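Participant: My questions are about this predicted structure, shown below with the sequence.
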Amino acid sequence: MQLKSILAVILVMACVAAGAQNISKTGIVQMRLKSSGPILSKDQVKGYYFFYNLEKVDRKNNNYMLSVYDENLREINSTKIIRSTNFALVDGAFNGEVFAFLFYDIKNKATEMITYDATLKQVGSSIKPVTSKNGQMIFMGVANGADAGHAFLVPVEKQGFLYYTLQDKKSWYDITYFDNALNKKWNKKAVGSSYALEMATEGFQTDTYVGSLITQKKSLSSKDLEVDLLVQRVDDGSVVFQVPMESGPYNVSFSDVFFDSTKQNFVVFGDYYDKKQKEMKAQSLGFIYLTLDLNGKIVGEKRNSWAEDFSRVTPMNEKGKFEGSNTNVLVHDIIRTSDGQIFVVGEQYKKVASGAGIASQILSVAAGAATGYYGGSNASSSQLNIYSLVIFQFNPDYSIAKVHVFEKDKNVVMLPAGATYSSSKMLSYYAKAIGGFDFVFSQLSEDHSTFSVAYINYDREKGSPSGNLLGLVVYTPEKVFSVDKMKLNRKSTDYFVHRAKEGYVLITEYFRKEKRVDTRLEKINF
């Protein structure tokens, strides 16, 4: 069944669907964030997939079920998969014709990639040992519910998938392009590198090019990062260019790359830093836009400094901290609307002393004095506080226009022992990896005129029982922001929020005791 056939089925079902739909599945023994997600076509949600861990087949094997639904939560197809109890789903993707799922075998330290067509008939399979210690740590973390911070599988529309991983026995990047049947089309890896760590993550993709962010460290413990932009042709993997992200006296830590097909150039956006300082400890000087030609040469540059440019539109000091709150901002996403405006979505954060962590350390010392055994405390004397959602609005010429701040309740991320000696920036990456920030996703409308940003916040409104709140910041057709909030009152063990069809969000709740998963579509009000 081709994508057109799927869309035809969806269209028929949409005619009989009335409002938000709901589904409920029982006999589910485990549900995690990676177990479900949206099916995208041209960045629009056309359906959803769910990977359920069912009751065991026997002592060594689990029974899993993969189900596919249309955008109105009408089931299209499902299939059962029997795998070892040591298996965990770490990523899933859909390229318009084929699904790809990446599993990690915890016991045997190996990955298995499987592809299915739209009828859920298996198309290809590939098993590969993971011998890199860093690779094993990353996969193990994701298998236990952490966020890797990047996609392992990146779909190439109707053609195949890019797979980002680390090489065997080394901490160097390995990028492989597979077709739909998981036949290798090309491979690009770091060769003879002088770095202890070289990691590649997706940067951007067009019909012609694929870009990757290459992060390099001289030693695994180094606070000094070097970043390259690698651009390749999608069809054969040939390198178009690989250039360091720097401009004059500045290093650039980029968050987004955009290919302007009209001007035939690449636009890079990110923070910029003084080259003389270590990036993981240094304060950002502001945001920068670099324009690169097809050879990777910088042909345009626009800097917005905290001290001069941002301070004109919002109270902010030269270190990028909001005055009054003394907070930094972690960037989550960059959105371009049809009228040329650019929106940078982030959240405020700040490292502060942890009363609970300090008390735990004092109790540990007191217990040691009484018993003669000083085992120490695993709690840090610092914590990371997460504050308001921030959206920076830039003009088409990349000059800052406005800064929008959307207040929400403070969220506290407890930190591990030793975090006191780490920079706020490094701790913000740690907090993002463990899901400590409230941001969930952003979604651009099909005509690119509007967008919404979703976050989950622990609400502590006075006079009301505490509970979780789903917040949605919507940029409306009238070019103003509207905020919608929904109480999440269900007493589920876990819940997950995903992008959905335009005007909706998808909420999945897992009830461990009942072994039940409930999923529903909720309408966004604006």
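Facilitator: The structure has been received and is ready for your questions.
Participant: Could you report the neighbour count for Asn251?
Facilitator: For Asn251, the neighbour count with other Cβ atoms under 10 Å is 23. C-beta here means a position set from N, CA and C on the backbone, and glycine is covered the same way.
Participant: Who are the contact partners of Gln242?
Facilitator: Ile214, Asp228, Leu229, Leu230, Val231, Gly296 (Cβ atoms under 8 Å, 6 or more residues apart in numbering).
Participant: now, among these, which is nearest to Gly135?
Facilitator: Ile214 (16.4 Å; Cβ to Cβ).
Participant: wait, doesn't the closest one sit right on Val231?
Facilitator: No - assessed by Cβ atoms under 8 Å, Ile214 is found out of contact with Val231, at 10.8 Å.
Participant: what's the most distant pair in the contacts of Gln242?
Facilitator: Ile214 and Gly296 (12.8 Å).
Participant: More neighbours: those two, which one.
Facilitator: Neighbour count, other Cβ under 10 Å: between Ile214 and Gly296, Ile214 has more, with 22 against 16.
Participant: Excluding chain neighbours, what is closest to the more buried one?
Facilitator: Nearest residue to Ile214 in three dimensions, chain neighbours excluded: Asp228, at 4.1 Å (Cβ to Cβ, 6 or more residues apart in numbering).
Participant: Contact partners for the residue nearest to Gln122 when sequence neighbours are not counted?
Facilitator: What sits nearest to Gln122 in space, not counting adjacent residues and going by Cβ to Cβ, 6+ apart, is Tyr116, at 5.7 Å. Residues in contact with Tyr116, defined by Cβ under 8 Å, 6+ apart, are Leu66, Thr79, Val98, Phe99, Phe101, Gln122, Val123.
Participant: Neighbouring strands of the helix or strand hosting Tyr116 in the sheet, and parallel or not?
Facilitator: Tyr116 is part of strand 110-117, with elements assigned from DSSP states H and E. Sheet neighbours of strand 110-117, with direction, are listed as strand 98-105 (antiparallel), strand 122-129 (antiparallel) (DSSP bridges).
Participant: winner for burial among those strands?
Facilitator: strand 98-105 (a mean of 23; mean count of other Cβ atoms under 10 Å).
Participant: For that strand, which outside residues touch it?
Facilitator: So strand 98-105 is contacted by 49, 51, 66, 68, 83-84, 86-94, 110-118, 120, 123, 130, 139-140, 142-143, 152-153, 155, 160-161, 163, 180, 182 (Cβ under 8 Å, 6+ apart).
Participant: In contact with Lys302, which residues?
Facilitator: Ile288, Tyr289, Asp397, Tyr398, Ser399.
Participant: Just flag the most distant two among those.
Facilitator: Greatest spatial distance among the contacts of Lys302 (Cβ to Cβ): Ile288 and Asp397, at 13.8 Å.
Participant: In TSV: the contacts of Gln242, plus distance to Val344.
Facilitator: Listed next are the contacts of Gln242 as TSV, based on distance: Cβ to Cβ, whole Å:
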residue	distance to Val344
Ile214	22
Asp228	22
Leu229	19
Leu230	23
Val231	22
Gly296	24
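Participant: ends of stretch 188-201, how far apart?
Facilitator: Start to finish, the residues bounding stretch 188-201 are 13 Å apart (Cα to Cα, to the nearest Å).
Participant: again, but for stretch 99-111
Facilitator: So stretch 99-111: terminal residues 16 Å apart, Cα to Cα.
Participant: Next, Ser284: phi, psi?
Facilitator: phi -60, psi 150 (degrees, to the nearest 10).
Participant: That one - nearest residue in space that isn't next to it in sequence?
Facilitator: In space, Ser284 is closest to Asp271, 4.0 Å off (Cβ to Cβ, 6+ apart).
Participant: Who are the packing partners of the strand or helix carrying the one you found?
Facilitator: Using DSSP H and E, Asp271 maps to strand 265-274. If you count contacts as 3 or more Cβ pairs under 8 Å, 6 or more residues apart in numbering; DSSP states H and E, strand 265-274 packs onto strand 226-233, strand 250-260, strand 286-292, strand 298-305.
Participant: Neighbour count: Ile288 and Asp397, which is higher?
Facilitator: Each of Ile288 and Asp397 has its neighbours counted (other Cβ under 10 Å); Ile288 has more, 24 against 10.
Participant: Distance check, that one against Thr131.
Facilitator: 38 Å (Cβ to Cβ, to the nearest Å).
Participant: and stretch 125-141, how far from the chain's centre?
Facilitator: 19 Å (Cα atoms, centre = their mean, to the nearest Å).
Participant: Return the angle between stretch directions for the strand ranked longest in the chain and strand 265-274.
Facilitator: Taking DSSP state E as the criterion, the chain has its longest strand at strand 379-394. Between strand 379-394 and strand 265-274, the angle comes out at 140 degrees (axes from the mean of the first three to the mean of the last three Cα atoms, to 10 degrees).
Participant: So which elements touch the helix or strand following strand 379-394?
Facilitator: Going down the chain from strand 379-394, the next helix or strand is strand 400-406, by DSSP H and E. Packing partners of strand 400-406 (3+ Cβ pairs under 8 Å, 6+ apart): strand 379-394, strand 481-488.
Participant: from these, which stretch is densest packed?
Facilitator: Buried most deeply of the helices and strands packed on strand 400-406, by mean count of other Cβ under 10 Å, is strand 379-394, with a mean of 22.
Participant: ok now that one, how far from the chain's centre?
Facilitator: Worked out by Cα atoms, centre = their mean, strand 379-394 lies 17 Å from the chain centre.
Participant: Could you list which of the contacts of strand 98-105 belong to helices?
Facilitator: Phe139, Met140, Val142, Ala143 (DSSP state H).
Participant: now do the same end-to-end measure for stretch 200-211.
Facilitator: Stretch 200-211 has an end-to-end distance of 10 Å (criterion: Cα to Cα).
Participant: average pLDDT across it?
Facilitator: On average, the pLDDT along stretch 200-211 is 90.
Participant: likewise stretch 400-418?
Facilitator: On average, stretch 400-418 scores 87.
Participant: Sketch out the low-pLDDT regions of the stretch 101-250 of the chain for me.
Facilitator: Residues of the stretch 101-250 of the chain meeting the criterion pLDDT under 70: 145-149, 223.
Participant: again, but for the stretch 301-450 of the chain
Facilitator: 324-325, 354-381, 418-422.
Participant: For it, which segments are assigned as strands?
Facilitator: Listed in chain order, the strands of the stretch 301-450 of the chain (DSSP state E, counting those that start in this stretch) span 328-336, 342-353, 379-394, 400-406, 411-416, 439-444.
Participant: Flag every buried residue along the strand holding Tyr116.
Facilitator: By 16 or more other Cβ atoms under 10 Å, the buried positions in strand 110-117 come out as Ala110, Thr111, Glu112, Met113, Ile114, Thr115, Tyr116.
Participant: same question, stretch 165-180
Facilitator: Buried residues in stretch 165-180, counted by 16+ other Cβ under 10 Å: 165-167, 170-180.
Participant: likewise stretch 508-524?
Facilitator: Residues of stretch 508-524 classed as buried: 508-511, 515-522, 524 (neighbour count, 16+ other Cβ under 10 Å).
Participant: swap in stretch 69-88?
Facilitator: In stretch 69-88, counting by 16+ other Cβ under 10 Å, buried: 69-74, 76-77, 81, 83, 86-88.
Participant: Could I get the average pLDDT for that stretch?
Facilitator: 87.
Participant: Give me whichever of the helices and strands packed on strand 265-274 is most buried.
Facilitator: strand 286-292 (a mean of 23).
Participant: what's the angle from that strand to strand 379-394?
Facilitator: Interaxial angle, strand 286-292 versus strand 379-394 (the same axes, to 10 degrees): 60 degrees.
Participant: Gln136 falls within a strand, correct?
Facilitator: No - secondary structure assignment places Gln136 outside any strand; it is helix (DSSP: H, G, I helix; E, B strand; the rest coil).
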